[in-house]
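**Student:** Everything below, folded, please.
(2 chains)
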Amino acid sequence: MSQRIPAVEIPSRELKHNAHDALQDRQLRGNMRKAMDSLMAKRLASMPDDFEREHLREMGNHVRARALSQLPDLLERLETNLTRNGVKVHWAETVDEANAIVLSIIRAHEARQVIKGKSMVSEEMDMNHVLEAEGIEALESDMGEYIIQLDHEKPTHIIMPAIHKNAKQVASLFHDKLGEAYTEDVDQLIQTGRRVLRQKFFEADIGVSGVNFAVAETGTLLLVENEGNGRMSTTVPPVHIAVTGIEKVVENLRDVVPLLSLLTRSALGQGITTYVNMISGPRKSDELDGPREVHLVLLDNGRSQAFADGELRQTLNCIRCGACMNHCPVYTRIGGQAYGTVYPGPIGKIISPHLMGLENTPDHPSASSLCGACGEVCPVKIPIPALLRRLREENVKSPDDPHKVMRGQGSKYSASERLLWKGWRLLNTSPLAYRAFGLLATRLRGLTPNQLGPWTQHHSAPKPAARSLHELAREHLEGK
Amino acid sequence: MSDLFYDAAPNATRVAPPLPTPRQYPAHKPANVYLFGTCVLDLFFPEAGMDAIRLLEREGIRVHFPQAQSCCGQPAYTSGYTDEAREVARAQLALFEQDWPLVVPSGSCAGMVRHHYAELFKDEPETLARARALAERTFELAEFLLYICKVEFQDQGAPTRIALHTSCSARREMNTHLHGRALLAQLTGVERVDHDHESECCGFGGTFSVRMPDISGAMVADKTRALRESGAAQVISADCGCLLNINGAFEKQNAALRGQHLASFLWQRTGGGR
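**Tutor:** As a prediction, the model looks like this:
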């Protein structure tokens, strides 16, 4: 594991191209469909009662909306209470600042080995590669993350990073990279991972983790997980660095109750995770274990841009359960890596434009049929389809629109497309023009071309009827 | 479970408000209704619009079809061209001024009027009031037949098996996903079969189908395969957008199966066209 892992370029501008390739990958399609079907069924089985589920979602939405309504105050209270508990709080506006903070802590301890619990914010920071470039080993300890790190891949899902792989593929990977005897027995594969990682927990100088909820009132960092690697990462090494986005703060511990219930059920259909870590500071003088230092890095990275707009702010309600992905017909077909963004799927399409700018995610808002499956299951009721539509609006704004909402707005501006829609407006606001168009389309239906651009890749060309409903209805209702 | 949280310390936002109640319907059939034909239906499925008119007329309702109507505005709205959508919506708004129900034989166009017109006119108080009033009396055809006309169909057709594709807007925006089923269940000779991943989108999504043809194509390929494998002799849907997509794909695949609008199927099965 000491070899340098090459950084993977983020090809987020290439969503269409990536999707095209992913759709040809039958193995991927099969793996994803099977996994997503199972996750959807598990979620529903864990929330079978419509009344209860919908009330809980409503509550989750209200808790998050309330937290965001007082976000600056809550963050200050969080810092005050964490500091009182002995946690060092750092603020980072960009991922570069966040990496610099992490590196400075690592250097202060002359650390060589970092063990990581699962953290999507560390993926935002591309922390593994930044540390590797400085000669520091950063090893993922979540089994899924470990698998994709071995294969030099990016997570395909925010909860289950290796969900696109089946047991056979993992068996080959462990055989090739770790020199293990080939086995498709999942228990044995997991034992292999555990054996390798167990030693690393004891060797590591620093443990890095994410945060699920940061509780302002008590200065507590909540971390849920099923493998115990989160607890190991945050308690065994002498120094623990938690990294998280500024939106993860909630007011008090009572607020965590509905959110935790929503998170674990929406994600995996679990009533609760095997481990719920509540980290409230470093080892105290009379304690025998725990880290001697705990740091929290609070990262903005474009979140305050979303926060500034009342509608787009709802993006920050997200508690990162992944249910929107599991239910998304697009994600299910192309998998997470095709998005080329740290966060894939529906939530990725609405948050990545804030993290990376619309200029780097120009096709993301359009890669949705707006079917609404994501919004239907979101545990905190983010109106994802409405936000996708809003981002499309920002995307086609004129570059000289004085109303600046977000980075990269107007990235899909096209004078010719705008002209087309203006023509469409004229047609549909002028009864005379619409009638003439209807007459032309129906009378000249024989001239309908057989090739209609992208449409006829998968469909035959549609042929207008011989007479429009306008004509038929006029004849029928008005006798003329 | 959620009851547990009602005991938490007093805090207005901690107690979830009551869930929206199911839609309340007028107790009596109106004498007049407007029909909003929708642009896709107008050119590609006009007979479905005529069958909707005939079904309503058979219920003793006078149907009004303002000739100046065109499109609800949805294509521009979902593409992000909000100003263009607003002007087209405004033109429609002016056509339905009588206090009659607006019946729409499409879940997505009904959803546009019922849920998104208010968003379009949020900064124009007077227009907003009119848009809200229209939204209140906008009904998808299936819910109108079932809950306002309270139809009781006598099936006169030969025994057949059908699959029902419900549009995402009908399912998630209009909450009318069970209405089509209920109407079809009245037809004694019709057996409705489930198809694989029935609740999943057919991949149309308006301009999505041409902006992202690969993804949309993969979705409609899966949908049409599921419909073919369902054993149904016919596919029924209450949305012409989905029908355009599904039928276009069937035709490209040289499949024998076709989709038909719910209104046409209901009319034909219950003595219409004789």
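
**Student:** Spit out the contact partners of the residue nearest in space to the middle of chain A.
**Tutor:** The centre of chain A sits closest to residue A:343, judged by C-alpha atoms, centre = their mean, with a distance of 3.0 Å. For residue A:343, the contacting residues are A:120, A:158, A:351, A:352, A:355, by C-beta atoms under 8 Å, 6 or more residues apart in numbering or on different chains. Where you see a C-beta, it was placed from the backbone N, CA and C, and this is true even at glycine.

**Student:** correct me, but the second one touches residue A:325?
**Tutor:** Going back to what we said before, that points to residue A:158. Yes - using C-beta atoms under 8 Å, residue A:158 makes contact with residue A:325 at a distance of 7.3 Å.

**Student:** anything in contact with each of the two?
**Tutor:** Common neighbours of residue A:158 and residue A:325 (C-beta under 8 Å, 6+ apart) are A:344, A:347.

**Student:** These two: which has the busier surroundings?
**Tutor:** Taking neighbours as other C-beta atoms under 10 Å in any protein chain shown, residue A:158 and residue A:325 compare with residue A:325 leading, 29 against 23.

**Student:** Report how many residues lie close to residue A:134.
**Tutor:** Residue A:134 has 12 neighbours, counted by other C-beta under 10 Å.

**Student:** measure the residue lying closest to it once chain neighbours are set aside to chain B for me?
**Tutor:** Of all residues not flanking residue A:134 in the chain, residue A:103 sits nearest, at 6.3 Å (C-beta to C-beta, 6 or more residues apart in numbering or on different chains). Separation of residue A:103 from chain B (C-beta to the nearest C-beta, to the nearest Å) stands at 40 Å.

**Student:** what sits against residue A:222?
**Tutor:** Neighbouring residues of residue A:222 by C-beta under 8 Å, 6+ apart: A:211, A:212, A:213, A:214, A:215, A:256, A:260, A:276, A:277, A:278, A:279.

**Student:** Whichever of these end up buried, select them in ChimeraX.
**Tutor:** This is the ChimeraX syntax for the buried subset of these, where burial follows 16 or more other C-beta atoms under 10 Å in any protein chain shown:
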select /A:211,212,213,214,215,256,260,276,277,279
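
**Student:** and residue B:162, that one's in a helix?
**Tutor:** No - Residue B:162 is assigned strand when assessed by DSSP: H, G, I helix; E, B strand; the rest coil, not a helix.

**Student:** Show me the chain divided up by domain.
**Tutor:** I went with chain A, as the question did not name one. A:48-305, A:415-478 (automatic domain parsing).

**Student:** you looked at the wrong chain, it should be chain B
**Tutor:** B:32-147, B:152-269.

**Student:** could you dump those domains to CSV with distance to chain A?
**Tutor:** Shown next, in CSV, are the domains of chain B (distance: least, C-beta to the nearest C-beta, whole Å):
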stretch, distance to chain A
domain B:32-147, 3
domain B:152-269, 3
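
**Student:** can you map out the strands along the stretch 101-250 of chain B?
**Tutor:** For the stretch 101-250 of chain B, strands defined by DSSP state E, counting those that start in this stretch occupy the ranges B:102-104, B:138-140, B:160-165, B:190-193, B:234-237.

**Student:** what's the answer for the stretch 101-250 of chain A, then?
**Tutor:** A:113-116, A:137-140, A:206-209, A:213-215, A:220-225, A:239-245, A:249-250.

**Student:** Quick check: residues of the stretch 51-200 of chain A near chain B?
**Tutor:** Within the stretch 51-200 of chain A, the positions adjacent to chain B are A:51, A:52, A:54, A:55, A:56, A:58, A:59, A:62, A:63, A:65, A:66 by C-beta under 8 Å from any C-beta of the partner chain.

**Student:** and the strand or helix carrying the fourth one, what does it pack onto?
**Tutor:** Residue A:55 belongs to helix A:50-69 when assigned by DSSP states H and E. For helix A:50-69, the packing partners by 3 or more C-beta pairs under 8 Å, 6 or more residues apart in numbering or on different chains; DSSP states H and E come out as strand A:249-250, helix A:253-268.

**Student:** quick one: average confidence on it?
**Tutor:** If you average the pLDDT over helix A:50-69, you get 94.

**Student:** Could you check that helix and say which residues are buried?
**Tutor:** Buried, per 16+ other C-beta under 10 Å, within helix A:50-69: A:53-68.

**Student:** Could you report the pLDDT at residue A:1?
**Tutor:** Note on residue A:1: pLDDT of 37.

**Student:** Over to residue B:7?
**Tutor:** On pLDDT, residue B:7 comes in at 38.

**Student:** Residue A:385 - how many residues pack around it?
**Tutor:** Residues lying near residue A:385 (other C-beta under 10 Å) number 23.

**Student:** before we move on, what about the one 10 residues further on?
**Tutor:** A count of neighbours around residue A:395, defined by other C-beta under 10 Å, yields 25.

**Student:** Find the residue closest to it in space, skipping its chain neighbours.
**Tutor:** Closest to residue A:395 by C-beta to C-beta, 6+ apart is residue A:412, at 4.3 Å.

**Student:** what does residue A:67 give?
**Tutor:** residue A:250 (4.9 Å).

**Student:** now residue B:182
**Tutor:** Per C-beta to C-beta, 6+ apart, closest to residue B:182 is residue B:146, 5.7 Å.

**Student:** try residue A:275
**Tutor:** Closest residue in space to residue A:275, ignoring its immediate chain neighbours: residue A:225 at 5.0 Å, by C-beta to C-beta, 6+ apart.

**Student:** Specify the angle between the helix ranked longest in chain B and strand B:160-165 in degrees.
**Tutor:** The longest helix of chain B (DSSP state H) is helix B:213-229. With axes from the mean of the first three to the mean of the last three C-alpha atoms, to 10 degrees as the basis, helix B:213-229 and strand B:160-165 are set at 150 degrees to each other.

**Student:** How far does helix B:213-229 sit from its chain's centre?
**Tutor:** Taking C-alpha atoms, centre = their mean, to the nearest Å, the mean C-alpha location of helix B:213-229 is offset from the chain mean by 21 Å.
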